[in-house]
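Trainee: Coordinates only, no sequence provided:
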C-alpha cells in the first residue's frame, strides 16, 4: 500500500512538473518520446520512467525482465564507469511494482566479477530488493548460440540464455565516452549480453556489428544514467567526470543515446549524434531515431 | 594398551593427517583471510625441503624450522613422520589398498633402497653450490603440486560438468541457477599424472617404493635413525614365526625377527599388530638387551661422495647455461620474454633457490594466471610459477601468491607495496594490432588497463588512434593481453623493467625508478581530457 501511495504522489509530482511546462498539452496528448529527468539518481529514474507512461507500459505482469546496467569495472559509483546503484535499484523496484515475474540484472564482466559487483554497489542495491537476481555471467553454459537474421556482418553469436528467454530488456547504461566507439551508451552496452565480444573488434567492423547486435537485442526501455558522465578517458576511466544529475529515458535506444550525446560535452567539445558512427548507422537502418530535435522531449525536475 | 590397537591408531592418525593436508590445500583460495593461513602447514614439516632449501639459499628460513625439528625428532622416534604423518605416504598406503590383495608384492632388489641416499647426496651437492633441486623429490611439495595442479583442475571440471547437467533442476532457485565453477587449467598436467601414476603403479609391486628408494626426506631421516631412542624391540617371548618379517612393507625386519633395520622402519606398527605373542613393542631398548640392527642399506662412502660430486657437476651444468643463475639478471644472462614472475618475486637466482615448486601460489591466484613454467624458464626453473596473462591477468587488488608462499620466494607484500611491484611491461606488437596494422577501431587494451598505461597515438601512419604503452605507468598486469581481441594477442607482457628486490621496499624502489603505478588514477598531461578546437574526440567521426 505504501508503495502505491508513493507512486500516486510521484505521479502527481510529475503532473505538476508537466503542467508547468510550456508544451504541457502536447506532452500529455501522447507520452513523450524522450524524458530527461533531473534529480537524485533514484527519484530521477522513477520520474523519467513515469514520464514515459510508467513501467506498466513496458512490463506486463508475469513477464521476464533483464536489466543491463554497466557494472563490469572494479570501481565505485564516483568513478562513473558503472551505472549508479540507485538507478538500478529503482528500475528493479518499478519492475516489481509492475508485476514482473522474473527480474535479472546481468552483465559480462571485464574485471573480477565478484569485486565489480561489490564495488559498483549494484549487487547490494539489487539484494536490498530481491536476493539472487544480480549476476555476471561468465561461464559458457549460461549462453546459447543464436542467429542475428538482420545482421550485416555479425550474423550469429552466443547470447545469455536469460536474454533469449526475456520478454523485456531494459538498457540501463551509465553515460561515458569510449575511445573506439565514441560513446558507450544503450547500443554499445548491449555487447555485455553476448559471449564473444572479441569478434566485434577483430572480425567485424565494430560500429556495424554494434548495430547488428541492436537488430537482435531490442530494449523495450532505455534508461541512460547521466547523473555522472565520464566525458573523457572512457570506458574504463579515469577521466573528466561531470555531474549533470540527469536520467534520460525513452522506448527508443537510439534516441536515448542521441540525446545523451548531444546533451553533454565530450572531451570538452559539443558533438552531434551523427558523429557517433553506430548511432548514425542504427538510425539509417531504421532501428530508432537520432533526430532528437524533431522529437517530443519532456524535461522534468524532481 | 593392547598391541593390536597400534596399527589402527596409526592409520587413524595417518588418515587425519591426509585429511588435514587436503583441507590445507583446499583452503588456499582467493580471497584469503588476513593474517597467516594454514596453507603451508605440511610444507613446513618436510625435512629435505627445509635442509636443502636452507643450504641452497644460504638463508635461514624461519618458516622451514619445523622440518628441521621433524628431522631432529627422528633421533628419538625414527621415521615416525613417514609412517604416521606424511600425506604422501598415506596416499601410497591407500593406493596399495585399492590395488587389492590379489597382487603379490615382490621383494625389492637388495641394492635399490640405497638409491634414495644417492638422490639425497646429489641434491646436497647441487645445494652446496646454490642450486636447489629438492623440488624433484621432496614429498610434501611434490604432493601439494599434484593436488593443486592436477587434482584440483579435475575436481573443478567435474563440478562444472555437474552444474551443466544439473542446471535444469536449479532453474527455480535464482541463487543456485547462476552458480558458476570456472575450471582451473594448467599446462603439463599430463607430466605430473605420469609421475604420480608411476608411483601408484609401483605401489602394487613394491610397497612404499617411493619412500624406500627415492624420497630424499626419507633418506635424510634414515641417516639419523640408525638407532633411535624409541625403536622396535622384540622381547624374549618371540617364537620366530616370522609373520612380522612377511608383513613389514619396507623389509626392515631381517630374517631374524629380532633384528630391525631402523633406517627402513617407518614405525608403522604392522608387525606389532600381527605378532601372536605380543612380544613386539616400540620403546626404549636397554643397552643390555639391544640386538644389533639389521644391515644398513646406506651406500659406501665412495658412492656417497660420488653422487655428491655428481650433484656438483649438475650444478655446474646449470651455471654454464645461458640462463645461468650465477650471473643474476645482467652480465650476459639471457632473459626469456615469457618469464614474467609473480609480483614480489625475489631476484631470479634467489627466487629459484627458494621456490619449492609447491604450487600454492598457482592455486591461490584468482585468475589462474600463475602457471608452472615447465621448461620455458630453463630446466632449473621447472614447475616454478610464471604469469601467463592471456590465461589470467594479475589482479591489482590481490597479492595472494606472496601471502601463501611458504619460503618467501614470492615476498609477502602489503597492498601499498604490492601496488609498486612491477612484474613487466606490455609491448604492442604493431604488425598484429588491429589499429596499427589494419587501421580498425579497437583499443580494447586501453579500455581494460587498470593503470591507465595505454595511451592513444594519433599518427599519420594509422587511420585511427592506435595504442602505445607508457612504460612507467605499466605494471605488467596483463589485462591488455588477456582481453586483446586478436586471437594470438597483439599486446604482450614481457618481463622488461620488472622490479625484483631482495627486500620488500617496492614503493621506494619504484619511485626511485620513476614509476607511476596507481590504479584508477591518471595524472594530467599525457592523456587529455579535452581535445583542441577542430579535432574530434576519440571514436567520433565527421
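Mentor: Cool, got the structure. No experiment lies behind these values; they were computed from the predicted model shown.
Trainee: Bridging across strands, which residues link to the residue nearest to the spatial centre of chain A?
Mentor: Per C-alpha atoms, centre = their mean, the C-alpha nearest to the average position across chain A is that of residue A:172, at 2.3 Å. Residue A:172 forms beta bridges with residue A:69, as assigned by DSSP bridges.
Trainee: right, and it touches residue A:68 too?
Mentor: Yes - counting by C-beta atoms under 8 Å, residue A:172 does reach residue A:68; the two are 6.3 Å apart. Every residue, glycine included, has its C-beta placed from N, CA and C.
Trainee: residues shared between the contacts of the two?
Mentor: Here residue A:172 and residue A:68 have no joint contacts, going by C-beta atoms under 8 Å, 6 or more residues apart in numbering or on different chains.
Trainee: What helices and strands are in contact with the lowest-mean-pLDDT helix or strand in chain B?
Mentor: The weakest-scoring helix or strand in chain B, judged by mean pLDDT, DSSP states H and E, is helix B:174-177 (a mean of 72). Contacts defined by 3 or more C-beta pairs under 8 Å, 6 or more residues apart in numbering or on different chains; DSSP states H and E place helix B:174-177 against helix B:152-170.
Trainee: for the helix it packs on, what is the average pLDDT?
Mentor: Averaged over helix B:152-170, pLDDT sits at 87.
Trainee: what sits up against it?
Mentor: A:139, A:141, B:25, B:176-177, B:179-186, B:189, B:363.
Trainee: Closest to residue A:43 out of those residues?
Mentor: residue B:177 (32.4 Å; C-beta to C-beta).
Trainee: could you list every residue that touches the closest one?
Mentor: Contacts of residue B:177 (C-beta under 8 Å, 6+ apart): B:167, B:170-171.
Trainee: Most neighbours of all these, which one?
Mentor: residue B:167 (16 neighbours; other C-beta atoms under 10 Å in any protein chain shown).
Trainee: now that residue: how far from residue B:160?
Mentor: Distance from residue B:167 to residue B:160, counting by C-beta to C-beta, to the nearest Å: 11 Å.
Trainee: does the residue of the stretch 1-150 of chain A at minimum distance from chain B count as helix, strand or coil?
Mentor: Residue of the stretch 1-150 of chain A nearest chain B, by C-beta to the nearest C-beta: residue A:132 (3.6 Å). Here residue A:132 is recorded as coil under DSSP: H, G, I helix; E, B strand; the rest coil.
Trainee: got the phi/psi numbers for it?
Mentor: Main-chain dihedrals, residue A:132, degrees, to the nearest 10: phi 80, psi 10.
Trainee: can you give me the helices in chain A?
Mentor: A:2-19, A:24-29, A:41-51, A:85-97, A:113-120, A:122-127, A:161-165, A:186-189, A:198-202, A:206-216, A:253-263, A:277-284 (DSSP state H).
Trainee: Name the nearest residue to whichever residue of the stretch 201-302 of chain A sits closest to chain B, ignoring sequence neighbours.
Mentor: For the stretch 201-302 of chain A and chain B, the shortest gap (C-beta to the nearest C-beta) falls at residue A:268, measuring 3.1 Å. In space, and not counting its chain neighbours, residue A:268 is closest to residue B:530: 3.1 Å by C-beta to C-beta, 6 or more residues apart in numbering or on different chains.
Trainee: Model confidence for that neighbour, exactly?
Mentor: As predicted, residue B:530 sits at a pLDDT of 83.
Trainee: so which strand or helix has it?
Mentor: Counting by DSSP states H and E, no helix or strand carries residue B:530.
Trainee: That one: how many residues sit nearby?
Mentor: 15.
Trainee: My guess is it contacts residue A:269. True?
Mentor: Yes - using C-beta under 8 Å, residue B:530 is in contact with residue A:269, at 7.3 Å.
Trainee: For residue B:541, give me its contacts.
Mentor: Residues near residue B:541 by C-beta under 8 Å, 6+ apart: A:182, A:275-277.
Trainee: Get me the contact residues on the stretch 251-400 of chain B for chain A.
Mentor: Residues of the stretch 251-400 of chain B lying close to chain A (C-beta under 8 Å from any C-beta of the partner chain) are B:366-367, B:395, B:397.
Trainee: Quick check: the farthest pair among the residues you listed?
Mentor: B:367 and B:397 (11.4 Å).
Trainee: Return every residue with contacts to both of those two.
Mentor: residue A:112.
Trainee: Name the residue in these two with the higher neighbour count.
Mentor: Each of residue B:367 and residue B:397 has its neighbours counted (other C-beta under 10 Å); residue B:367 has more, 21 against 16.
Trainee: what's near enough to touch that one?
Mentor: A:112, B:391-395.
Trainee: Tell me which two of these sit farthest apart.
Mentor: Across these (C-beta to C-beta), the longest gap, 14.6 Å, separates A:112 and B:391.
Trainee: I'd say residue B:205 and residue B:106 touch.
Mentor: Yes - contact criterion C-beta under 8 Å: residue B:205 and residue B:106 qualify, at 5.3 Å.
Trainee: neighbour-wise, which of the two wins?
Mentor: residue B:205 (13 against 10).
Trainee: Can you get me a residue count around residue A:202?
Mentor: There are 19 residues near residue A:202, going by other C-beta under 10 Å.
Trainee: Distance check, it against residue B:441.
Mentor: Distance from residue A:202 to residue B:441, by C-beta to C-beta: 11 Å.
Trainee: Quickly list what's touching both of those two.
Mentor: Counting by C-beta under 8 Å, 6+ apart, the contacts common to residue A:202 and residue B:441 are residue B:434.
Trainee: follow-up on the earlier one: ok, residue A:112 and residue B:391, which is more surrounded?
Mentor: Neighbours per residue, other C-beta under 10 Å: of residue A:112 and residue B:391, the larger number sits with residue A:112, 22 against 18.
Trainee: Need phi/psi at the more buried one.
Mentor: phi -50, psi 120.
Trainee: Isn't it up against residue B:365?
Mentor: No - the criterion here is C-beta under 8 Å, and residue A:112 misses it with residue B:365 at 11.8 Å.
Trainee: Would you mind listing what in the stretch 51-200 of chain B touches chain A?
Mentor: Going by C-beta under 8 Å from any C-beta, the residues of the stretch 51-200 of chain B near chain A are B:160, B:163-164, B:167, B:173-175, B:178, B:180-182.
Trainee: Give me the buried entries from these.
Mentor: B:160, B:163, B:167, B:174, B:178, B:180-181 (16 or more other C-beta atoms under 10 Å in any protein chain shown).
Trainee: Greatest separation within these: which pair is it?
Mentor: B:160 and B:174, at 19.3 Å, using C-beta to C-beta across those.
Trainee: what's the helix or strand for the residue most central in space within chain B?
Mentor: When C-alpha atoms, centre = their mean is applied to chain B, the residue found nearest the centroid is residue B:358 (1.2 Å). Using DSSP H and E, residue B:358 falls within no helix or strand.
Trainee: Look up phi and psi at it.
Mentor: Per degrees, to the nearest 10, the backbone of residue B:358 is at phi -80, psi -20.
Trainee: and if you look at residue B:309?
Mentor: Per degrees, to the nearest 10, the backbone of residue B:309 is at phi -60, psi -40.
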